[in-house]
Structures are given as structure tokens and as C-alpha cells.
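Participant: quick one: sequence plus predicted model below, questions after.
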Amino acid sequence: MRIILKGQVRGGKNNIKITRTGRRYPDPNFVRWSVDATHQVYKQLGPAHTREPINTFNWDWIFCYTPEDHRRRDVPAVLDAVFHVLEAAGVVADDRYISTLHFTTNPPDKEKAGMIIDFVKIL
């Protein structure tokens with residue numbers, strides 16, 4: 001199975017703002033990205049998606065990330081944000097059960113920025 005997220009992936013851990021009173025809230029750009037990415041997943045899964053989450057123990061997860069620019073990105077934050085999107089879309093129940101994960105980063109390309117997520121069932 002393959003899911004493609006188009007556009008710059010934003011890590012959630014570095015997109016938290018704090019008010020003068022100490023209240024924390026997500027950066028509006030991160031919220032917009034998260035909602036858009038979740039809609040991209042829904043669109044790709046289509047109406048046939050049964051909303052039965054994948055048992056993450058039995059799958060190899062392969063992430064191929066292409067940033068839009070040369071800015072430094074926090075890979076764990078990017079993966080965390082993507083898994084929150086996959087949880088929100090009902091693809092995975094909980095990311096804590098990931099057993100095998102492969103992550104590669106391509107050179108920056110503004111036109112091809114995004115994340116390709118392949119997951120293959122382990123026999």
C-alpha cells in the first residue's frame with residue numbers, strides 16, 4: 001500500500017507556540033498542514049477504506065521524504081507529525097507498535113516536496 005503526502009511536511013514538535021500566560025497551542029500553519037495532509041490520505045484511500053487500522057507489528061514502513069528547501073529538519077518530529085496524520089485518518093491505531101521503519105531523505109526539490117509512505121506486510 002502507498003500513501004503520498006504532497007507539499008512540505010511540518011514537524012509538530014517544533015511548531016508549538018506559547019502565550020504570555022504559558023498556554024501552549026499549535027502553530028496555525030502546522031494545523032493547516034495537518035488538516036490538509038489528513039484530507040490527502042482520505043482522498044487516496046477512497047470510500048473502500050474500512051477504517052480498520054493496520055496492525056503495525058506486521059508491516060515494514062518505508063518513508064521517502066523530499067524537503068522543499070535546504071533548511072534543517074528534525075526527522076523524529078517529521079515522522080511524529082506524519083504518524084499523527086495517519087492515526088487521524090484511521091490508517092494506524094497507535095504508532096507505538098511500529099516494529100520496522102526505514103527513512104530516507106532525498107535532496108530538496110520545491111516541485112516534488114512531500115512524503116511517500118509505503119507499507120508492506122511481513123510474511
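Facilitator: Yep, that arrived.

Participant: quick one: contacts for the residue nearest the centre of the chain?
Facilitator: Compute the mean C-alpha point of the chain, and by Cα atoms, centre = their mean the closest residue is residue 82, 1.4 Å away. Taking Cβ atoms under 8 Å, 6 or more residues apart in numbering, we find residue 82 in contact with 5, 9, 37, 63, 115, 117. Heads up, the C-betas are built off the backbone N, CA and C, glycines and all.

Participant: determine which two of those residues are furthest apart.
Facilitator: 37 and 63 (13.5 Å; Cβ to Cβ).

Participant: higher neighbour count, those two?
Facilitator: Under the criterion of other Cβ atoms under 10 Å, the comparison of residue 37 against residue 63 puts residue 37 first, with 25 against 21.

Participant: name the element the more buried one belongs to?
Facilitator: Assigned by DSSP states H and E, residue 37 falls within helix 28-45.

Participant: again, but for residue 108
Facilitator: Mapping residue 108 onto the secondary structure by DSSP H and E places it in no helix or strand at all.

Participant: for it, give its distance to residue 90.
Facilitator: In this view, residue 108 and residue 90 are 31 Å apart by Cβ to Cβ, to the nearest Å.
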